[in-house]
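**Student:** Have a look; sequence and predicted model below, questions after that.
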Amino acid sequence: MFRFLKPPLDKPLLPRNKIDATYKKMRWQVFFGIFIGYAGYYLVRKNFALAMPDLIEQGFSKLELGFALSGVAIAYGLSKFLMGNVSDRSDARKFMPIGLLMSGLIMITMGFFPFATSSVTIMFILLLLNGWFQGMGWPPSGRIMVQWFSVRERGTKMSIWNTAHNIGGGLIGPLAIYGVAVFNDWHAKFYVPGMIAVFIAVIIYLTLRDKPGAVGLPTIEEYTNDYPEEIKGINQNEPISAKEIFVKYVFKNKLLWFIAIANIFVYLVRYGVLDWAPTYLKEVKNFSLNESGWAYFLYEWAGIPGTIIAGIVSDKWFKGKRAPVSIIYMILVLIAVVVYWKNPAGKPMIDNIALVAIGFLIYGPVMLIGVQALDLVPKNAAGTAAGFTGLFGYLGGALTANIVMGYLIDNFGWNSSFRLLVLACVLSILCIGYTWVIENKNHKLKENQV
């Protein structure tokens, strides 16, 4: 690991009369940093999906573009896992902005230089690199969350923070409309968000602090007197080796495996709808660029209240159990996907309502799976655990949404792709339901031991 990425040493504790005011200020500051930072990551993640209709007009097939787009999923899944482990042993203040800076520069390259979109191979390589740097966004955010916020407030705080990607992802549509209108160039879908991302990377560095000790504050557990349950006797604040994180807390964690498998099907639905929406709406539902862009916006921004409600309901009504909320959400997603599929062309209002419903619902399970992963491991393994579920989600779900759906659409039509989405909804419900059964068994065993 590069020396300059090492976490900062703890500073001497501030005077007692300054700790409370400083803690409150810094918690707001770091939360703002990871919120606007993660929104910035999504400004430069899915630009290619909006540019696909333009690239089809240039002569590329859907399978070719699906293959190129898969570069993001392949690299992001691996990076979120592997770089998540690096993030657990890095200074989040430096780690997070570096990834966003590099992603922004790649999008600027794809927009300004014609060679960057001249062949499938070049697009795949650039999107592969972008996906790798995108993997540097979630893990440091998760690290910040567990360092600065206690267990009993984390579910709600995570649900609020998780809406950042809906805000960032939703803004891509309006930014694309604005960029094309101002510059009269469809490549603006790449370089306008890219330039904004570079600016946000600077904001991240100015606002983030890796941990309370870095600014002379006690741990969050000491400050709130909110201590988590012991995980096999491990001190939450002691360093853990990379090998121990991988082997003991990830690979041997059976419940984490089940959550990760469920994530495959959740992500397949998430990206199967999102990535192909601009193309599907244009070709099948006869939407214009403006209509598709705003539909994309509505899909993402509908996830904001849906995610927050999912977090609150899981905390308040189900007492920290995430699986039942995810199951309810996925059943409703299944219904909305069928409506989106079967609604005939010429009824855009119904299409928009269906997309809003899918967007409102799908991000709840996405967020809750991430929260479960954080709760299952020590704080110093949080990034790796989240990366593990992300690895399955992107290499299994998002990759299938890109390549397999592209193949199905080209060879068997849009109906075949929707049958795949329906199947994914059903399998996600079954897998999440299985994790609920295991959690209930474990809970009963603990009760019997008391």
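**Tutor:** On my side now, so go ahead.
**Student:** Any stretches of the stretch 101-250 of the chain with poor pLDDT?
**Tutor:** Low-confidence segments of the stretch 101-250 of the chain, defined by pLDDT under 70: 151, 226-246, 249.
**Student:** What ranges does it have for its helices?
**Tutor:** In the stretch 101-250 of the chain, the segments counted as helices under DSSP state H, counting those that start in this stretch are 120-134, 138-148, 151-162, 164-183, 188-207, 220-224, 242-246.
**Student:** Mind checking what helix or strand follows the last one in sequence?
**Tutor:** Toward the C-terminal end, the helix or strand that comes next after helix 242-246 (DSSP states H and E) is helix 254-274.
**Student:** List the contacts of whatever helix or strand comes next after that following helix.
**Tutor:** Heading C-terminal from helix 254-274, the first helix or strand you meet, by DSSP H and E, is helix 277-283. Residues from elsewhere that reach helix 277-283 (C-beta atoms under 8 Å, 6 or more residues apart in numbering): 49-50, 52-53, 56, 62, 287-289, 291-293, 295-296, 299, 351, 355, 414. C-beta here means a position set from N, CA and C on the backbone, and glycine is covered the same way.
**Student:** swap the cut-off to 7 Å and go again
**Tutor:** Ala49, Leu50, Met52, Pro53, Phe287, Ser292, Ala295, Tyr296, Tyr299, Asp351, Leu355, Trp414 (C-beta atoms under 7 Å, 6 or more residues apart in numbering).
**Student:** and the third one, what element?
**Tutor:** Under the criterion DSSP H and E, the helix or strand holding Met52 is helix 47-57.
**Student:** pretty sure Arg322 contacts Ser314?
**Tutor:** Yes: counting by C-beta atoms under 7 Å, Arg322 touches Ser314, with 5.0 Å between them.
**Student:** Mind listing the shared neighbours of these two?
**Tutor:** Going by C-beta under 7 Å, 6+ apart, residues that sit against Arg322 and also against Ser314 are Leu368.
**Student:** more crowded one of the two?
**Tutor:** Taking neighbours as other C-beta atoms under 10 Å, Arg322 and Ser314 compare with Arg322 leading, 28 against 25.
**Student:** For that one, which non-adjacent residue is spatially closest?
**Tutor:** Leu368 (4.0 Å; C-beta to C-beta, 6 or more residues apart in numbering).
**Student:** Helix, strand, or coil at that neighbour?
**Tutor:** Of the three states, Leu368 takes helix under DSSP: H, G, I helix; E, B strand; the rest coil.
**Student:** Could you give the number of residues near the closest residue to Trp294 other than its chain neighbours?
**Tutor:** Closest residue to Trp294 apart from its sequence neighbours, by C-beta to C-beta, 6+ apart: Gly173 at 6.0 Å. The tally of other residues near Gly173 (other C-beta under 10 Å) stands at 26.
**Student:** Check the one 4 residues further on too.
**Tutor:** When counting by other C-beta under 10 Å, one arrives at 20 neighbours for Ile177.
**Student:** for the one 10 residues further on, same thing?
**Tutor:** The tally of other residues near His187 (other C-beta under 10 Å) stands at 19.
**Student:** and if you look at Ser61?
**Tutor:** Other residues close to Ser61 by other C-beta under 10 Å number 14.
**Student:** cool, Met349 as well?
**Tutor:** 8.
**Student:** Report the contact partners of the residue nearest to Arg322.
**Tutor:** Leu368 neighbours (C-beta under 7 Å, 6+ apart): Ala310, Ser314, Arg322, Val325, Ser326.
**Student:** Which element, helix or strand, includes the fourth one?
**Tutor:** This means Val325. helix 323-342.
**Student:** quick one: that helix to helix 254-274, angle?
**Tutor:** 20 degrees (axes from the mean of the first three to the mean of the last three C-alpha atoms, to 10 degrees).
**Student:** For helix 323-342, what is the distance to the chain centroid?
**Tutor:** 19 Å (C-alpha atoms, centre = their mean, to the nearest Å).
**Student:** Could I get the buried residue list for that helix?
**Tutor:** Using 16 or more other C-beta atoms under 10 Å as the test for burial, helix 323-342 gives 323-330, 332-334, 336-337, 340-341.
**Student:** right, and the residue nearest to Trp294 touches Phe297 too?
**Tutor:** Yes: at 3.9 Å, Gly173 counts as touching Phe297 under the criterion of C-beta under 7 Å.
**Student:** out of the helices of the stretch 101-250 of the chain, nearest to Met107?
**Tutor:** Checking the helices of the stretch 101-250 of the chain against Met107 by C-beta to C-beta gives helix 188-207 as the closest, at 3.3 Å.
**Student:** Okay, angle between that closest one and helix 164-183 too, please.
**Tutor:** Using the same axes, to 10 degrees: helix 188-207 against helix 164-183 is 130 degrees.
**Student:** what are the phi and psi angles of the residue nearest to His165 when sequence neighbours are not counted?
**Tutor:** What sits nearest to His165 in space, not counting adjacent residues and going by C-beta to C-beta, 6+ apart, is Tyr42, at 4.6 Å. Per-residue torsions, Tyr42: phi -80, psi -10 (degrees, to the nearest 10).
**Student:** neighbours around Tyr42, how many?
**Tutor:** 24.
**Student:** just Leu128 next, same as before
**Tutor:** 20.
**Student:** if I read this right, it contacts Ala75, doesn't it?
**Tutor:** Yes: counting by C-beta under 7 Å, Ala75 is a contact partner of Leu128 at 4.6 Å.
**Student:** quick one, strands of the stretch 351-450 of the chain?
**Tutor:** With DSSP state E, counting those that start in this stretch as the definition, the stretch 351-450 of the chain shows no strands.
**Student:** Can you pull out the low-pLDDT segments for it?
**Tutor:** 374-380, 382-383, 439-450.
**Student:** Next up, the contacts around Tyr41.
**Tutor:** Counting by C-beta under 7 Å, 6+ apart, Tyr41 has contacts Leu100, Ser103, Gln134, Gly137, Gly168.
**Student:** try 8 Å this time
**Tutor:** Gly99, Leu100, Ser103, Gln134, Gly137, His165, Gly168, Ala197.
**Student:** Can you redo those as CSV, where the extra columns are distance to Leu82 and neighbour count?
**Tutor:** Formatted as CSV, these follow (distance: C-beta to C-beta, whole Å; neighbours: other C-beta atoms under 10 Å):
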residue, distance to Leu82, neighbour count
Gly99, 13, 25
Leu100, 18, 28
Ser103, 17, 30
Gln134, 13, 26
Gly137, 14, 32
His165, 21, 27
Gly168, 23, 27
Ala197, 22, 27
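**Student:** Name the nearest of those residues relative to Asn263.
**Tutor:** Among those, and counting by C-beta to C-beta, the member closest to Asn263 is His165, at 15.3 Å.
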